[in-house]
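Visitor: What follows is a predicted protein model with its sequence.
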Amino acid sequence: MTPSVWNNLKKDRWGMVGLGLVLVFLFVALMVWLGLLGQGWSNISEQYHANPTSVHWLGTNSIGQD
């Protein structure tokens, strides 16, 4: 980016918010790609149709997936 574009972006509050959101998503995508996040998403527990708890925040489905 040219210095004038960067200076205009720094002055724009919503532009900085948008840049921050993009950087957060980029960071999460990088963590998933490196294997540091998102592991165990296909694990099956023995709790079928469990109600929401501190372990399963949204409950479980018919095959025990969180």
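Guide: Thanks, I have it. Residues are numbered from 1 along each chain as shown.

Visitor: What number of residues are in the vicinity of the closest residue to Met31 other than its chain neighbours?
Guide: Of all residues not flanking Met31 in the chain, Leu37 sits nearest, at 4.3 Å (Cβ to Cβ, 6 or more residues apart in numbering). Where C-beta positions appear, they are placed from N, C-alpha and C, glycine not excepted. Leu37 is surrounded by 13 other residues when neighbours are defined as other Cβ atoms under 10 Å.

Visitor: What values do phi and psi take at Leu37?
Guide: Its backbone dihedrals place Leu37 at phi -130, psi 160, with angles given as degrees, to the nearest 10.

Visitor: same thing with Gln47?
Guide: With angles defined as degrees, to the nearest 10, Gln47 sits at phi -100, psi 90.

Visitor: all helices for the chain, in order.
Guide: Using DSSP state H, the helices assigned to the chain run over residues 3-11, 13-34.

Visitor: So which residue is dead centre in this structure?
Guide: Ranked by distance to the mean C-alpha position of the chain (Cα atoms, centre = their mean), the top residue is Val28 at 5.7 Å.

Visitor: What count of nearby residues applies to Ala50?
Guide: Residues lying near Ala50 (other Cβ under 10 Å) number 16.

Visitor: Kindly provide the distance from it to Gly40.
Guide: Using Cβ to Cβ, to the nearest Å, one gets 16 Å for the distance from Ala50 to Gly40.

Visitor: And for Leu30?
Guide: Taking Cβ to Cβ as the measure, Leu30 and Gly40 are separated by 19 Å.

Visitor: which ones are touching the residue nearest to the centre of the chain?
Guide: Leu37 (Cβ atoms under 8 Å, 6 or more residues apart in numbering).
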